[in-house]
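Student: what's the 3D shape of this:
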Amino acid sequence: MLNEQRAELTQLSLQRTKLRIWVRSRLWAQVIIAMVLGLCAGFLLGPGGGLVPAATAKTLGAWLALPGKLFLALIAIVLVPLVFSSIVGGLAGAPSNEAMRKVGIRLGLFILTTTAAAAWIGVTLTQMFQPGRGISLPPAAMDPAPADIESFDFKMLPDLVVGVLPSNPAASVIEGDLLAIVILALLAGVASMQIQPAKAAPFLAVLDSVMSLSMTIVKWAMLLTPLAVFGFMAQLMMQIGLDSLLGLASYVATVLLGLALLFAVYGVLLQVLGRTSFKAFLGAAGETLLLAFSTSSSSAVMPSTIQAARRLNVPNDVASLVVPVGATMNMAGTALYQSVAILFLAQMSDVALGSAEIFLLVGTLVVSSIGAPGTPGVSIAILASVAAGFGIPAEGLVIILGVDRLLDMCRTVVNVTGDLTATTLLRGSIEHTAQP
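Tutor: Take a look at the predicted model:
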């Protein structure tokens with residue numbers, strides 16, 4: 001009897017050891033566990049559980065989110081050099097200008113097509129389900145948006161196009177203007193292909209070293225991933241609570257349904273055009289998507305996205321070029337969210353939009369989404385500007401702000417999926433023998 005108990009204990013110990021080793025060797029498992037634990041801890045400490053006062057919960061949330069903030073800070077340190085060196089290296093590694101022109105044209109068409117399609121999906125679902133009907137606007141005193149928000153005006157488009165050029169590269173680096181940095185990197189990469197290889201070699205060697213150093217720091221940051229996910233999820237649940245989610249159930253459900261449809265569209269493109277099964281895609285990119293969900297920043301997970309693209313057999317030069325550009329300009333999930341949100345605000349305010357206005361709205365969202373910084377919360381600023389341009393009151397923003405963080409996490413997953421879909425579709429655009 002005693003021997004049987006010892007054998008059972010030994011077997012149980014071996015199973016626990018195997019499980020511990022299995023979890024430690026799989027980042028995605030650690031992220032899922034941290035996500036579940038974070039949600040539970042946030043519910044118990046937040047308005048739902050009521051274990052601690054609201055002021056104490058706010059303080060605890062800030063401390064729990066500290067590892068996540070450190071993670072984002074480490075990524076922010078190397079983001080500019082990583083983006084610049086990745087794009088320049090990808091361009092310089094191309095066999096010809098014709099190959100890069102082919103990649104650029106195809107990537108541009110992919111971004112424009114998917115972003116426009118995403119905006120139309122959002123418009124169609126919102127008109128179908130009418131989530132804003134029956135919801136009253138809050139008092140004007142609760143308006144979170146500044147009174148002097150400037151509306152988006154297509155007459156300003158030429159000036160905006162010229163304005164994206166980095167006239168002061170040093171200022172762009174200091175301010176973290178990722179779009180300007182991407183444009184500067186594209187110019188530098190194309191220029192490096194035009195000069196003599198001997199003159200470009202020292203510059204490219206320095207950038208290669210910069211990329212290696214940046215990726216090393218990224219690996220250090222990835223060690224904080226489970227703690228970062230736990231803290232972010234706990235803070236999220238402590239801030240919004242279940243009541244906020246239930247109060248805006250129809251709005252949240254409409255956005256999530258649209259994002260799910262767009263996610264499915266990417267899956268079909270991967271299967272049909274990319275010759276990649278969705279199961280294989282999730283196996284290669286699952287960790288990256290979970291990280292994108294927890295951080296709400298496609299820019300922060302850019303290094304992980306590049307690594308996921310390599311696991312999808314995307315050549316290194318294609319991944320290093322397409323992913324940074326996609327993380328900056330490929331924001332189809334954001335366009336879909338904004339189309340639902342702005343029509344939701346219009347329905348709450350009883351502002352009727354005709355077919356021509358909706359068509360113009362879609363075009364505006366496509367333009368405003370492309371080039372939007374891939375950082376948390378930026379969609380609200382864009383949304384306020386576009387809403388002002390269509391005469392929609394900004395008071396309703398206070399209603400959707402409560403659940404914006406959750407929806408931001410979901411649309412970031414879709415944006416990153418779009419970046420990886422683009423790299424997968426473009427992986428055969430450059431004929432070479434380089435290994436991914």
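Student: so what's the residue count around T17?
Tutor: Counted by other CB atoms under 10 Å, the residues lying close to T17 total 10. Bear in mind the C-beta positions are built from the backbone N, C-alpha and C, glycine included.
Student: where's it, which helix or strand?
Tutor: Using DSSP states H and E, the secondary-structure element containing T17 is helix 2-24.
Student: helix or strand next in line after that helix, which one?
Tutor: Of the helices and strands lying after helix 2-24 in sequence (DSSP H and E), the nearest is helix 27-45.
Student: so L269 sits against T421, correct?
Tutor: Yes: in this structure, L269 is within contact of T421 by CB atoms under 8 Å, at 5.6 Å.
Student: looking at these two, which is more packed in?
Tutor: Comparing L269 with T421 by neighbour count (other CB under 10 Å), the higher total belongs to T421, at 28 against 18.
Student: now the more buried one: which helix or strand?
Tutor: In this assignment (DSSP H and E), T421 forms part of helix 397-425.
Student: now do that helix, average pLDDT.
Tutor: For helix 397-425, the mean pLDDT works out to 84.
Student: now do stretch 84-96
Tutor: Stretch 84-96 shows a mean pLDDT of 72.
Student: what values do phi and psi take at R275?
Tutor: Here the main-chain torsion angles of R275 (degrees, to the nearest 10) amount to phi 50, psi 40.
Student: can you report how many residues neighbour it?
Tutor: Residues contacting R275 under the criterion other CB under 10 Å number 11.
Student: G283 versus that one, what's the distance?
Tutor: Here the distance between R275 and G283 works out to 15 Å (CB to CB, to the nearest Å).
Student: do the same with G90
Tutor: Here the criterion is CB to CB. By it, G90 lies 25 Å from G283.
Student: who's more crowded, the two?
Tutor: Comparing G90 with G283 by other CB under 10 Å, the one with more neighbours is G90, at 27 against 14.
Student: in terms of helices and strands, where is the residue nearest to that one when sequence neighbours are not counted?
Tutor: Of all residues beyond its chain neighbours, the one nearest G90 is L321 (3.1 Å), with distances taken as CB to CB, 6 or more residues apart in numbering. Per DSSP H and E: L321 is located in helix 316-329.
Student: tilt between that helix and helix 397-425?
Tutor: Using axes from the mean of the first three to the mean of the last three CA atoms, to 10 degrees, the inter-axis angle of helix 316-329 relative to helix 397-425 is 160 degrees.
Student: any buried residues in helix 316-329, and which?
Tutor: Within helix 316-329, the residues that qualify as buried by neighbour count (16 or more other CB atoms under 10 Å) are 316-329.
Student: please identify the buried residues of the host helix or strand of T216?
Tutor: T216 is located in helix 197-222, with elements delineated by DSSP H and E. Residues of helix 197-222 classed as buried by neighbour count (16+ other CB under 10 Å): A200, L204, L207, V210, M211, S214, M215, I217, V218, A221, M222.
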